[in-house]
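[1] Fold the stuff below for me.
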Amino acid sequence: MTDVQEAYRLLVADVYELAGTSRRTSEAIAATAGQTTARWHVLSVLSGAPSTVAAVARRLGLARQSVQRVADDLVADGLADRAPNPDHRTAPLLELTSAGRAALAALVERGDADRARVLAAAGTSAEELLACREVLRRLVAALDGP
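    Numbers count the residues shown, from 1 in each chain. Next up, the predicted model:
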């Protein structure tokens, strides 16, 4: 095994660890607002523009059925509404309600405060994070490539 292969293996292990730890802390943050990370993710996707359940699922890399369940819960709780889809009669658009936007704003505020604390404790800079992101994006592109 070459040094670069070993470094890659260690990086991937660290990325998985970071993702798992981040999911756990995000779930704790979401719980303080009476939400889950699944609901947070769907609210975030819908904040950009109304979307179908299938499009949200593709964006999050999840099964449509799991997103459908979350979407149904968000609609039942008044955080999202269904609207007619001019492009597809049987696939309504989901859109945030004002309550949904407020719930997302509360989640983002709590998440930002926690992440600011974490980033300060780690002593990392935006430049370091962006450089790391660039390497990760190149690796993802190579893995997804031809």
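[2] was I right about G78 contacting L96?
    No: counting by Cβ atoms under 8 Å, G78 stays clear of L96, with 10.5 Å between them. To be clear about C-beta, it is placed using only N, CA and C from the backbone, and glycine gets the same treatment.
[3] Can you give me the distance of the nearest residue to R9 once chain neighbours are set aside to A7?
    Counting by Cβ to Cβ, 6 or more residues apart in numbering, M1 is the residue found nearest to R9 once chain neighbours are left out, at 8.0 Å. Separation of M1 from A7 (Cβ to Cβ, to the nearest Å) stands at 10 Å.
[4] Could you check the pLDDT of the nearest residue to T32 once chain neighbours are set aside?
    Sequence neighbours aside, R110 is the residue nearest to T32 in space, at 6.2 Å (criterion: Cβ to Cβ, 6+ apart). R110 is assigned a predicted lDDT (pLDDT) of 96.
[5] Let me know the average pLDDT across the longest helix seen in the chain.
    Secondary structure of the chain read by DSSP state H shows that its longest helix is helix 3-32. Mean pLDDT, helix 3-32: 95.
[6] Tell me how far the helix or strand following that helix lies from the chain's centre.
    The first helix or strand that comes after helix 3-32 along the chain, using DSSP states H and E, is helix 37-48. Relative to the chain's own centre, helix 37-48 is displaced by 7 Å; criterion: Cα atoms, centre = their mean, to the nearest Å.
[7] Pull out the buried positions in helix 37-48.
    Using 16 or more other Cβ atoms under 10 Å as the test for burial, helix 37-48 gives T37, A38, R39, W40, H41, V42, L43, S44, V45, L46.
[8] I'd like to know which of the residues you listed is nearest to A105.
    Set against A105, the nearest of the buried residues of helix 37-48 by Cβ to Cβ is L43 (9.7 Å).
[9] ok, now how distant is the residue nearest to that closest one when sequence neighbours are not counted from R39?
    Leaving aside its sequence neighbours, L43 sits nearest to L104 (Cβ to Cβ, 6+ apart; 4.4 Å). Per Cβ to Cβ, L104 is found 9 Å from R39.
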